[in-house]
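In: Need coordinates for the following:
(one chain, ligands or ions: 1)
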Amino acid sequence: MNYDDFFRSKIDAIRNEGRYRYFLDLNRHCGAYPKGTHRTDGKPKEITIWCSNDYLCMGQHEKVTTAMKNAIDAVGAGTGGTRNISGTTSYHVDLEKKLADLHHKEKALVFTSGYVSNSTTLETLGRMTGCHFFSDKLNHASMIEGIRHSGCQKHIYRHLDMAHLVELISQLDYDTPKIIATESVYSMEGDVAPLADIVDIARRYNALVYLDEVHAVGLYGYNGGGIAEREGVMEEIDIIEATLAKGFGVMGGYIASRDAIVDSVRSYANGFIFTTSLPPAVMAGALASVEYVSSNNNLRIKLQEQAQKLRQRFVEAKLPILLNDTHIVPLMVCNAVLCRKLSDILRQDFGHYAQPINFPTVPKGEERLRFTPTPFHTDEMIDDLVESVVDVWKLLDLPFVRYNQTDITIEIAKNYVMP
Ligand SMILES: Cc1ncc(COP(=O)(O)O)c(C=O)c1O
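Out: This is a model prediction of the structure:
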């Protein structure tokens with residue numbers, strides 16, 4: 001085999017489908033989000049960023065950056081060890097305590113990323129219990145990987161389809177160990193799992209509930225504890241998993257659960273045990289962020305307001321978006337090549353940046369631009385974006401759509417205003 005030819009042919013196949021991934025060389029401007037500069041042909045170009053998962057811009061918040069700088073000055077850059085071998089600092093301990101409190105759980109455990117926390121926790125729980133997994137069809141790659149590596153039997157239910165979940169789970173004995181694995185906010189659709197129903201089904205059929213709140217933590221619930229907090233079911237969820245990298249704007253992942261479960265993962269999970277712990281500065285920044293975000297509900301209100309404005313403007317412009325009531329606004333292009341073209345022209349000619357999302361992140365034929373407006377995207381930016389998208393949409397001869405309702409105002413405030 002000529003290895004290079006082999007690998008080039010694999011890349012060519014992706015290129016021919018229009019889904020080769022180009023990374024944008026992009027620096028955000030600290031203190032001026034959502035503005036950033038990207039280099040194109042060696043020259044800087046200023047753009048407005050619409051696709052960051054730093055949903056509240058906490059990655060640039062002064063409290064976060066100051067905490068990180070102070071930690072570096074106090075204890076240096078890295079830990080020099082795994083958590084077990086000299087790599088646990090007071091920063092790790094304090095952050096885990098705060099995360100456990102945020103989710104009303106006995107314990108929390110930090111991992112190097114949200115991806116690792118999902119894959120290693122699900123793999124470990126499955127390997128230890130020999131359970132059957134019940135997994136939503138659109139669950140994230142990290143959950144799928146963990147379930148697969150556990151070697152356990154898995155049952156995939158249709159996205160958010162509770163009748164299908166019941167149909168599958170009811171076929172097993174009450175005493176057979178089972179875990180239902182779901183996300184709360186689905187990141188590419190922006191829809192939300194019916195957590196109260198899932199909890200109810202889990203209790204009826206004696207299953208554990210594993211919930212990924214990666215795209216909800218910091219953003220929903222009066223204290224930013226996620227959709228489980230908003231829906232009042234936090235106590236009923238057995239294991240909550242989330243990230244420190246999106247709503248909290250830093251890096252790392254974690255689980256929060258009962259002592260026996262967290263201690264088991266801590267003691268048996270290879271992806272936790274055999275890796276150097278995250279730098280103290282990252283833990284310090286994350287703690288500062290969680291403290292700030294959990295006590296500033298106005299951030300969540302503003303986030304939802306701006307998302308709702310953008311959604312409303314897209315609907316008025318007859319552009320095909322997925323309707324939901326979260327902070328994620330997916331614009332459906334449904335063609336990989338045109339999706340890239342739309343993104344390129346918007347960035348190059350209009351200065352708006354939204355990365356094309358294609359297979360395998362979404363199914364082929366469902367390519368989209370995923371907009372994530374933040375509290376820092378102004379009304380003027382939103383107007384300018386929508387006008388620009390309409391211009392390029394016409395240029396590419398993409399179809400406009402008709403909505404049955406033109407006013408899609410959704411009651412967004414109810415869970416953000418009152419404690
Ligand atoms: C649903 C979901 N879970 C987990 C992850 C991984 O989180 P992290 O970026 O912290 O690795 C992602 C990443 O985008 C995600 O979308």
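
In: Going by C-alpha atoms from here, please, whenever you check contacts or count neighbours.
Out: Fine.

In: where does the chain dip in pLDDT?
Out: 405-419 (pLDDT under 70).

In: how about the residues of it that lie near the ligand?
Out: Taking CA under 6 Å from any ligand atom, the part of the chain that reaches the ligand is made up of Ser113, Gly114, Tyr115, His140, Ser187, Val214, Thr243, Ala245, Gly252, Gly253.

In: Tell me where this protein has strands.
Out: Applying DSSP state E to the chain gives strands spanning 26-28, 35-40, 43-49, 107-111, 132-136, 153-157, 178-183, 208-212, 239-243, 253-257, 329-332, 352-353, 356-357, 368-371.

In: distance between the longest one and the chain's centre?
Out: Right, the one you point to is strand 43-49. Centroid separation between strand 43-49 and its chain, computed with CA atoms, centre = their mean, to the nearest Å, is 25 Å.

In: So which elements touch it?
Out: Applying 3 or more CA pairs under 8 Å, 6 or more residues apart in numbering; DSSP states H and E, one finds that strand 43-49 makes contact with strand 35-40, strand 352-353.

In: What residues of it count as buried?
Out: Within strand 43-49, the residues that qualify as buried by neighbour count (16 or more other CA atoms under 10 Å) are Glu46, Ile47, Thr48, Ile49.

In: Leaving out the residues flanking it, which one is nearest to the first one?
Out: So the one you mean is Glu46. Thr37 (4.4 Å; CA to CA, 6 or more residues apart in numbering).

In: tell me the contacts of the one you found?
Out: Under the criterion of CA atoms under 8 Å, 6 or more residues apart in numbering, the contact list for Thr37 reads Leu26, Asn27, Arg28, His29, Pro44, Lys45, Glu46, Ile47.

In: Repeat the analysis, applying 7 Å as the threshold.
Out: Leu26, Asn27, Arg28, Pro44, Lys45, Glu46, Ile47 (CA atoms under 7 Å, 6 or more residues apart in numbering).

In: mind putting those in TSV, distance to Asp161 included?
Out: Listed next are those as TSV, based on distance: CA to CA, whole Å:
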residue	distance to Asp161
Leu26	39
Asn27	41
Arg28	39
Pro44	47
Lys45	45
Glu46	43
Ile47	40
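
In: Distance of Thr16 relative to the ligand?
Out: I think there's a mix-up here, since residue 16 is Asn and not Thr. Counting by CA to the nearest ligand atom, to the nearest Å, the separation of Asn16 from the ligand is 26 Å.

In: re the thing from before, tell me which of the helices and strands packed on strand 43-49 sits most buried.
Out: Among the helices and strands packed on strand 43-49, strand 352-353 has the highest mean neighbour count (mean count of other CA atoms under 10 Å), at a mean of 25.

In: Need the phi and psi values for Thr372.
Out: With angles defined as degrees, to the nearest 10, Thr372 sits at phi -130, psi 80.

In: And it, how far from the ligand?
Out: Per CA to the nearest ligand atom, Thr372 is found 13 Å from the ligand.
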